[in-house]
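Asks: attaching a predicted model along with its sequence, questions to come.
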Amino acid sequence: MLSIRFIEKLTSTIAVAGVAAAVTFSAAAADSLKFASWVPAAHTITEGVVDPLIKALEEGTGGATDIDYFTGGELGAGPLEQYVRVVQGVADMSWGLPGYTSSQFPKTMISELPGVKGDKPGYELLWNAYDAGLLEKEFPGVKPLALWLSEPNVFIMKDHEIRTPEDVKGLKIRVSGTIAGDVIAALGGTPVQIPAGELYNALQTGLIDGLVTGTSAIGDFKLDEVANSYTYNVPLGQISFYTIMNQAAYDGLSAEAKAAIDGIAGRTLSKSAEDAWNRKAEAVLESMKAAGDNTIIVLSDEESAAFEELVLPVTDKAIGQLGAEEVYKTMRGEM
């Protein structure tokens, strides 16, 4: 899998590029930090993460340090490579999904499993584990600025209605990582990993029958133009995200810039991101209802239980195989 190659590449990249990056940033004390995004500026990441970071630096440094925002893959296309670009110093900051390179983030992705989140905000789960020192090794060479979860995953389908587990059997369902892939396999579907930017064409051309992701992505990637059926209240977990900063870039900042970033990084910025994702999801759902040309299925708790019977064992198995009981309990505040 690409994710395995990625982590091998990342390890060597940090070893080779880390010293050079440290020299560059400590010598330059750059006035502008480069934030790389692989999606257009209209994406939710702008409202939830980038704008608050820009504001924090503006207020904290009086404009002495700012952020140059590069969107649409201007500093390099593709979400899979964003972490490496930050480590290499191509960008000072970027964002991504752990699921795209799952082998690097096995414990972080526990948060994505069905039944793990419960009623807690997703960012609290992730920072509970990170602050306890249980996730740090999964983020080498960088300073995590935000860790958060999407709104609940839903089925987004073209010409297929999902009401029971039987309806999933034999279908090609796009997933964002191995965790979601295991869930779809447990339901009898065939998981397919495709980057978010390719979802529209994949669904339009029939390469996939549908996908599992949050409602916000329907708006961010215009999936409502090619999908026509959506199923809610299914125990499909959620998607985890990160925003990271090159550690050497951070170390080379002025005291004022560091203080500005420290004042917003962590749970504050993560809450901003998660709130933005949830707001977008609510707005998109209302828009789809108003359009009147979508089949929106909301399962009853009894119907949802039929899915739970098949997917919750996936959660138990993953936690057991990783020996991640401590991570699971720490995320949920049980330790």
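Replies: Alright, I've got the coordinates. No experiment lies behind these values; they were computed from the predicted model shown. Residues are numbered from 1 along each chain as shown.
Asks: name the helix or strand for Thr213, please.
Replies: strand 210-214 (DSSP states H and E).
Asks: how about the helices of the chain, start to end?
Replies: Counting by DSSP state H, the chain has helices at residues 2-28, 44-45, 51-61, 82-88, 122-131, 178-186, 199-205, 216-220, 247-251, 255-264, 267-291, 301-322, 325-331.
Asks: which elements pack onto the fourth one?
Replies: Okay, so that is helix 82-88. Applying 3 or more Cβ pairs under 8 Å, 6 or more residues apart in numbering; DSSP states H and E, one finds that helix 82-88 makes contact with helix 2-28, strand 32-36, strand 93-96, strand 142-149, strand 240-246. Just so you know, the C-beta spots here come from the backbone N, C-alpha and C atoms, and that holds for glycine as well.
Asks: partner strands of the second one and their direction?
Replies: Using DSSP bridges, strand 32-36 pairs in its sheet with strand 66-70 (parallel), strand 93-96 (parallel).
Asks: if we ignore the residues flanking it in sequence, what's nearest Gln204?
Replies: Once flanking residues are discounted, Gln204 sits nearest to Val226: 4.4 Å by Cβ to Cβ, 6 or more residues apart in numbering.
Asks: please name the residues that touch that neighbour.
Replies: Val226 is in contact with 158, 200, 203-204, counting by Cβ atoms under 8 Å, 6 or more residues apart in numbering.
Asks: need the max-distance pair from those residues.
Replies: Lys158 and Tyr200 (10.9 Å; Cβ to Cβ).
Asks: more crowded one of those two?
Replies: Between Lys158 and Tyr200, counting by other Cβ atoms under 10 Å, Lys158 is the more crowded of the two (18 against 15).
Asks: state the distance from the more buried one to Glu81.
Replies: 29 Å (Cβ to Cβ, to the nearest Å).
Asks: go on, Ile110?
Replies: Distance from Ile110 to Glu81, by Cβ to Cβ: 24 Å.
Asks: who's more crowded, the two?
Replies: Remark: of Ile110 and Glu81, Ile110 carries more neighbours, 26 against 22, as counted by other Cβ under 10 Å.
Asks: residue contacts, the more buried one?
Replies: Contacts of Ile110 by Cβ under 8 Å, 6+ apart are 116, 129, 318-319, 322, 324, 327-328, 331.
Asks: now for these: which two are most distant?
Replies: Between any two of the contacts of Ile110 (Cβ to Cβ), the greatest distance is 14.8 Å, for Ala129 and Ala318.
Asks: from Asn294, how far out is Glu282?
Replies: 16 Å.
Asks: of these two, which one has the most company?
Replies: Asn294 (17 against 13).
Asks: sorry, back to before: adding distance to Val154 and mean pLDDT, write the strands paired with strand 32-36 out as JSON lines.
Replies: Below are the strands paired with strand 32-36 laid out as JSON lines (distance: least, Cβ to Cβ, whole Å; pLDDT from 0 to 100):
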{"stretch": "strand 66-70", "distance to Val154": "30", "mean pLDDT": "98"}
{"stretch": "strand 93-96", "distance to Val154": "21", "mean pLDDT": "98"}
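Asks: among the ones you listed, which is the most enclosed?
Replies: strand 93-96 (a mean of 26; mean count of other Cβ atoms under 10 Å).
Asks: give me the contact list for it.
Replies: For strand 93-96, contacts defined as Cβ under 8 Å, 6+ apart pick out 33-38, 45, 49, 53, 67, 79-80, 82-83, 85-86, 145-146, 241-246, 249.
Asks: one more pass at 7 Å, please.
Replies: Strand 93-96 has contacts (Cβ atoms under 7 Å, 6 or more residues apart in numbering) with 33, 35-37, 45, 49, 79, 82-83, 85-86, 145, 241-245.
Asks: then stretch 49-69?
Replies: With Cβ under 7 Å, 6+ apart, stretch 49-69 has contacts from 31-35, 95, 146, 243, 253-254, 256-257, 259-261, 263-264, 269, 272-273.
Asks: buried stuff in it?
Replies: 49-50, 52-54, 56-57, 60-61, 65, 67-69 (16 or more other Cβ atoms under 10 Å).
Asks: can you tell me which two in these are farthest apart?
Replies: Pairwise across the buried residues of stretch 49-69, and taking Cβ to Cβ, the largest span is found between Val49 and Thr61, at 18.4 Å.
Asks: before we move on, back to that, now the residue nearest to Gln204: how far from Glu161?
Replies: Distance of Val226 to Glu161, computed by Cβ to Cβ: 16 Å.
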